[in-house]
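In: quick one, structure for this:
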Amino acid sequence: MSISLVAEYDSVRSTILQAVKNAFTAEFGVEDPSDDDDFFELGGDSMIALSLFLNIEDATGYTLPLTAIYDASTVARLTDRLLSKQTGRNTCLVELRPTKSRNAGPPLFLLHGMGGSVMILRDLAQRIGGTRAVWGIEAQGMDGAAPPLDRIEDMAEAHIADLRAVAPRGPYLLAGYSFGGLVAFEMARQFVQAGEEVALLALLDTFPHPGTWRLSCRLRAFSLQAGIYASPKLWAGLAKRHFGKLQSRSPLAAAEHLARGIARAVTLPLDIMRTAWVHDFAGRASIHRDMLTALDAPAIAATAYENIDRVTTAARSAFKTYVPTFYPGRLVVFRATGQQAIPFEPKALWGHLVQDLVVREALTDHQTLVRGDAAATAAQLTAAIDEALARRAA
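Out: Next up is the predicted model:
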């Protein structure tokens, strides 16, 4: 390479490097970040990654998919990725924690939630006991390189193909969070049909669509949810909150708000009986959509937002159409039982679909199961892994 080309390359790299550093400063408040400063170690998550990449795109004109942060999480590596213009990934696999030993045992594979990203599972992965590798499996379509899949059977087949690249043979350790639990369940079924061994299948607060539930399960959900709504403490809190809202509004706005409240009180019993809460849960866009409103929505919509939106739309469709069938093995279900617990009974929903069912309860809610309470969840999941491998060795 000639001296002039080297100088030109150095100049371009210096410009991009400074743009990346400026973006890190804007997102994390780090003055003069070093080349080795790491996105995840600084506390980065999927929302910060979106904002970071938008800042970089504004400064450099280069666009990267959200998934690029997994392979290029430091300032220097992200700069080099931008320079090389390597924008795509060939797999949905994300190495959340490298193996710490050559004899660490089979890796653990964590499946994404409805939002498609496994970034929210990174803290959980880091806290898994032992030295085994922990891989995340993201939804196809997160990087925009391929269209998202809208059938859980197809998702499972595609993920198995990716997974075999790092683990050609079992025993396999599979765990899925929320919607990802259904994908993990179907993957386990397909593995067994192919003659492979699944040592652990764990679902983290996962339930199938209520359209597949037996009547007894719906009635149980109704009784649990009705018990929540019958709480005097709940209604007292709601009354206090809404009274405060009415005081700050005009008479017309207050009347409209009150009318909506009365209408809701009338339709509430029917909604509970129809288990509308879970339809809402499945139909809502993922937490990503709500949080994106705090960012520059028009800019996001051009790339990352559209990818996330397509993935969540496909996942909601897959959730509504998937009907689980029998799995001839052991299933471990971790159910969040905290204040915001989703009212479903694991034994009633999953017991008839598996050969053996184990239920583990966690005093937390659906979101904090893998976030704020990730340490406790990781401890329970580690124990389940150890037990599964011990059973296999016995």
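In: name whatever forms a beta bridge with Val134.
Out: Val134 has these beta-bridge partners by DSSP bridges: Arg97, Leu108.
In: how does this protein divide into domains?
Out: For the chain, the structural domains run 3-84, 93-209+317-393, 214-274, going by automatic domain parsing.
In: TSV for the ones you listed, including mean pLDDT?
Out: As requested, these are exported to TSV (pLDDT from 0 to 100):
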stretch	mean pLDDT
domain 3-84	81
domain 93-209+317-393	89
domain 214-274	65
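In: now for these, which one comes closest to Val311?
Out: Checking the domains of the chain against Val311 by CB to CB gives domain 93-209+317-393 as the closest, at 3.8 Å. (Each C-beta comes from the backbone N, C-alpha and C, glycine too.)
In: strands of the protein, residue ranges please.
Out: Assignment of strands within the chain using DSSP state E yields the ranges 93-97, 108-111, 134-137, 172-177, 198-204, 327-336, 354-362.
In: ok, back up a step: out of the domains of the chain, deepest packed?
Out: domain 93-209+317-393 (a mean of 19; mean count of other CB atoms under 10 Å).
In: need the strands of the chain in TSV (columns: distance to Glu57).
Out: Shown next, in TSV, are those (distance: least, CB to CB, whole Å):
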stretch	distance to Glu57
strand 93-97	22
strand 108-111	29
strand 134-137	25
strand 172-177	30
strand 198-204	34
strand 327-336	37
strand 354-362	39
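In: quick check: which of those strands is nearest to Arg392?
Out: In terms of CB to CB, the element of the strands of the chain nearest to Arg392 is strand 198-204, at 5.3 Å.
In: mind checking how far the residue most central in space within the chain is from Cys92?
Out: Residue closest to the average C-alpha location in the chain (CA atoms, centre = their mean): Gly113, at 3.3 Å. In this view, Gly113 and Cys92 are 14 Å apart by CB to CB, to the nearest Å.
In: can you check Gly181 too?
Out: With CB to CB as the criterion, Gly181 and Cys92 are 17 Å apart.
In: what do you get for Gly105?
Out: 23 Å.
In: gap between the closest residue in space to Arg189 that isn't next to it in sequence and Leu182?
Out: Using CB to CB, 6 or more residues apart in numbering and skipping residues adjacent in sequence, the residue nearest Arg189 is Tyr327, 5.2 Å away. Per CB to CB, Tyr327 is found 12 Å from Leu182.
In: what does Asp32 give?
Out: 46 Å.
In: cool, and Asp80?
Out: 38 Å.
In: how about the contacts made by the spatially closest residue to Leu17 that is not a sequence neighbour?
Out: Distances taken as CB to CB, 6+ apart put Thr79 closest to Leu17, at 4.7 Å, once the chain neighbours are dropped. Thr79 makes contact with Arg13, Ile16, Leu17, Val20, Asp35, according to CB atoms under 8 Å, 6 or more residues apart in numbering.
In: all helices for the stretch 251-394 of the chain, in order.
Out: 251-273, 276-283, 287-292, 297-301, 304-321, 346-350, 374-393 (DSSP state H, counting those that start in this stretch).
In: residues contacting the nearest residue to Leu124 once chain neighbours are set aside?
Out: Excluding the flanking residues, the one nearest Leu124 by CB to CB, 6+ apart is Ala374, at 4.4 Å. Taking CB under 8 Å, 6+ apart, we find Ala374 in contact with Asp123, Leu124, Arg127.
In: enumerate every residue touching Glu361.
Out: For Glu361, the contacting residues are Phe334, Arg335, Thr337, by CB under 8 Å, 6+ apart.
In: which strand residues bridge the second one?
Out: The residues listed as beta-bridge partners of Arg335 by DSSP bridges are Glu361.
In: correct me if wrong: it contacts Leu357.
Out: No - using CB atoms under 8 Å, Arg335 makes no contact with Leu357, being 11.5 Å away.
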